[in-house]
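In: Quick one: sequence and predicted model below, then my questions.
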Amino acid sequence: SPDRAEQEVDNAIRAGFATAMKQYSVTQLFSPQGAGFDQSVRNEIAKRLGDQTLIRNVFVTDLVPPPEISEQRVKAAQQELALKQ
């Protein structure tokens, strides 16, 4: 049924995203290496759906690191700046 198909796609998206997230550290995700994250998500979703569906694009938006990590990154940048001065 259409409802069941939609549920299968939704489940594949959730599981695919979660699996792709496990492949990246926060540092990797917010570095140039993170540019391939959307491709990883797409591949993981496609694995779950098999040949039932063709995933053309995945858009990942609004990824925000946890506040503790953001604070540590700011502190590290400030320390690096202080060392350069």
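Out: Nice, thanks for sending it over. Please read these numbers as outputs of a predicted model, since none were measured by experiment.
In: What segments of this structure are helices?
Out: Secondary structure of the chain, counting by DSSP state H: helices at 2-22, 26-29, 37-49, 67-84.
In: what sits against the closest residue to Phe59 other than its chain neighbours?
Out: Excluding its sequence neighbours, the residue lying closest to Phe59 (CB to CB, 6 or more residues apart in numbering) is Asp38, at 7.0 Å. Any C-beta I mention is one placed from the backbone N, CA and C, and that applies to glycine too. Applying CB atoms under 8 Å, 6 or more residues apart in numbering, we find Asp38 in contact with Val58, Phe59, Val60.
In: Mean pLDDT for the helices of the chain - can I get that in JSON lines?
Out: Putting those into JSON lines (pLDDT from 0 to 100) gives the following:
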{"stretch": "helix 2-22", "mean pLDDT": "91"}
{"stretch": "helix 26-29", "mean pLDDT": "82"}
{"stretch": "helix 37-49", "mean pLDDT": "92"}
{"stretch": "helix 67-84", "mean pLDDT": "85"}
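In: most packed of these?
Out: When the helices of the chain are scored by mean count of other CB atoms under 10 Å, the highest mean neighbour count falls to helix 37-49 (a mean of 18).
In: tilt between that helix and helix 2-22?
Out: Using axes from the mean of the first three to the mean of the last three CA atoms, to 10 degrees, the inter-axis angle of helix 37-49 relative to helix 2-22 is 130 degrees.
In: picking that back up, okay, the residue nearest to Phe59 and Arg4: tell me how far apart.
Out: 27 Å (CB to CB, to the nearest Å).
In: repeat for Ser70
Out: 40 Å.
In: cool, Leu49 as well?
Out: Leu49 sits 13 Å away from Arg4, going by CB to CB.
In: With Thr19 instead?
Out: Taking CB to CB, one finds Thr19 at 22 Å from Arg4.
In: same thing with Tyr24?
Out: 31 Å.
In: ditto for Arg73
Out: Using CB to CB, Arg73 is found at 43 Å from Arg4.
In: how long is stretch 24-43 from one end to the other?
Out: End-to-end span of stretch 24-43 (CA to CA, to the nearest Å): 14 Å.
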